[in-house]
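A.B. asks: prediction below, plus the sequence it came from.
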Amino acid sequence: MKTIWTQGLDQEDKERFERVILGAKSVLRRLDEIIDQRLKAIDSLETGIEKYTQPGWDAIQAHYNGEKASIKYIKNLINLDQKDN
C-alpha cells in the first residue's frame, strides 16, 4: 500500500485506516474494473481520423490526455499491492 494513504496520521489512526482500506479490497478491485472501462471509452473517443477535422481538436485531445493521466494516478493509488517507488 502506498504511504500516501496514511500520510499525516498518527500511528494508531494509521493502523486503523490500513485495516479499513485492506478490508475494502474487493471494492477497490471493482473500482479498478470500472476505471478500466472508462479508459477504454476514452481510447475509443480519441481515436479516429475524423477527430482531427474538428475545430479545437487539439484542446479536446489535451482534455483526454489530462483525464487519462488522472485516471492512471487513481488506478495506481488503489492498487494496494504496490509500494512507493
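C.D. replies: Ah, there it is. Numbers count the residues shown, from 1 in each chain.
A.B. asks: confidence score at the residue lying farthest from the centre of the chain?
C.D. replies: Relative to the mean C-alpha coordinate of the chain, counting by CA atoms, centre = their mean, the farthest residue is Thr53 (30.0 Å). Thr53 carries a pLDDT value of 84.
A.B. asks: now do the one 4 residues further on
C.D. replies: Looking at Trp57, its pLDDT stands at 88.
A.B. asks: which ones are touching it?
C.D. replies: By CB atoms under 8 Å, 6 or more residues apart in numbering, the contact list for Trp57 reads Lys51. For every residue, glycine as well, the C-beta is placed using N, CA and C.
A.B. asks: from Val27, how far out is it?
C.D. replies: Trp57 sits 37 Å away from Val27, going by CB to CB, to the nearest Å.
A.B. asks: could you do Asp81 as well?
C.D. replies: According to CB to CB, Asp81 and Val27 sit 15 Å apart.
A.B. asks: who's more crowded, these two?
C.D. replies: Between Asp81 and Val27, Val27 has the larger neighbour count (other CB atoms under 10 Å), namely 11 against 6.
A.B. asks: what stretches of the protein score poorly on pLDDT?
C.D. replies: For the chain, the stretches with pLDDT under 70 are 85.
A.B. asks: apply 90 and report the result again.
C.D. replies: Scanning the chain for pLDDT under 90 picks out 1, 43-54, 56-58, 60-61, 80-85.
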